[in-house]
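Enquirer: Predicted model, plus sequence, below.
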Amino acid sequence: SFTPLNPGSLQISLQYQNTFVKTDPITIFGKIKNIANLTIESDGEFLINDPEQIIIKTVDENGIVTPSVLGLGTIKLQTFSGKATFNPETINEVYFKQGVAVVEMTGETLDDIKIKASTNNLDALSAAIKAKIFEDIGIDSNHAQAIQFLKEKNILQGYPDKSFREYQNVSRVESLKIVL
């Protein structure tokens with residue numbers, strides 16, 4: 001194990017039995033900083049019961065992603081507010097690539113979700129993640145409650161692209177599907 005203290009270059013010479021090996025010069029740009037915190041990122045919205053990617057990053061004291069995750073331990077993911085499940089529910093160093101891990105969150109209600117990520121010595125809290133009923137229908141829509149009720153009763157399913165198209169005219173076939 002070797003930890004450089006200052007930027008610069010070095011060359012390593014090794015001897016194994018009667019064989020000598022010398023590396024090309026290795027440039028050290030700077031010391032990798034220790035993890036000071038975790039950050040939790042999302043696109044800020046989720047569809048109910050539809051997996052959403054959540055990104056967990058290890059960052060230094062300046063908020064810059066640090067690739068060093070040694071000694072991080074286990075991170076437990078849970079909701080601080082709202083209701084959701086995570087896949088996986090816990091992560092460790094193995095899940096991180098260059099200081100970034102991706103997990104799936106599935107929101108279960110129309111409540112905003114805040115995620116908490118905790119280790120033995122670090123805690124992070126996400127910004128609020130807003131629920132959407134369909135890709136184009138947020139909970140702030142004038143018709144959100146009615147649309148959600150009809151969706152829960154399987155009367156309305158929306159389009160294959162997960163949109164609802166609230167102000168699009170309903171075709172005869174679509175109206176028959178609603179009635180029957």
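Expert: That came through, no problem.
Enquirer: Distance check, the residue sitting nearest the centre point of the chain against residue 164.
Expert: The centroid of the chain falls nearest to residue 54 when counting by Cα atoms, centre = their mean (1.4 Å). Per Cβ to Cβ, to the nearest Å, residue 54 is found 24 Å from residue 164. Using the backbone N, CA and C atoms, a C-beta is placed for each residue, glycine as well.
Enquirer: if we can go back for a sec, okay but the residue nearest to the centre of the chain is in contact with residue 44, surely?
Expert: No: in this structure, residue 54 is not within contact of residue 44 by Cβ atoms under 8 Å, at 11.2 Å.
Enquirer: any weak-confidence spans in this protein?
Expert: The chain contains residues with pLDDT under 70 at 1-8, 27-33.
Enquirer: centre of the chain versus the helix or strand hosting the residue nearest to the centre of the chain, how much separation?
Expert: Here residue 54 sits within strand 52-59, counting by DSSP states H and E. Taking the mean of its C-alpha atoms, strand 52-59 sits 4 Å from the chain's own mean (Cα atoms, centre = their mean, to the nearest Å).
Enquirer: circling back to that earlier point, for the residue nearest to the centre of the chain, name its beta-bridge partners.
Expert: residue 103 (DSSP bridges).
Enquirer: The strand holding residue 54 - contacts with which helices or strands?
Expert: Contacting strand 52-59 under the criterion 3 or more Cβ pairs under 8 Å, 6 or more residues apart in numbering; DSSP states H and E are the following elements: strand 37-41, strand 75-81, strand 100-107.
Enquirer: what about 7 Å?
Expert: Helices and strands touching strand 52-59, as assessed by 3 or more Cβ pairs under 7 Å, 6 or more residues apart in numbering; DSSP states H and E, comprise strand 37-41, strand 100-107.
Enquirer: In the protein, mark out all the helices, start to finish.
Expert: In the chain, helices defined by DSSP state H lie at 144-152, 172-179, listed in chain order.
Enquirer: returning to that earlier point: for the strand holding residue 54, list every residue counted as buried.
Expert: 52, 54, 56, 57, 58, 59 (16 or more other Cβ atoms under 10 Å).
Enquirer: Pull the contacting residues for the fourth one.
Expert: I take that to be residue 57. 38, 39, 41, 65, 99, 100 (Cβ atoms under 7 Å, 6 or more residues apart in numbering).
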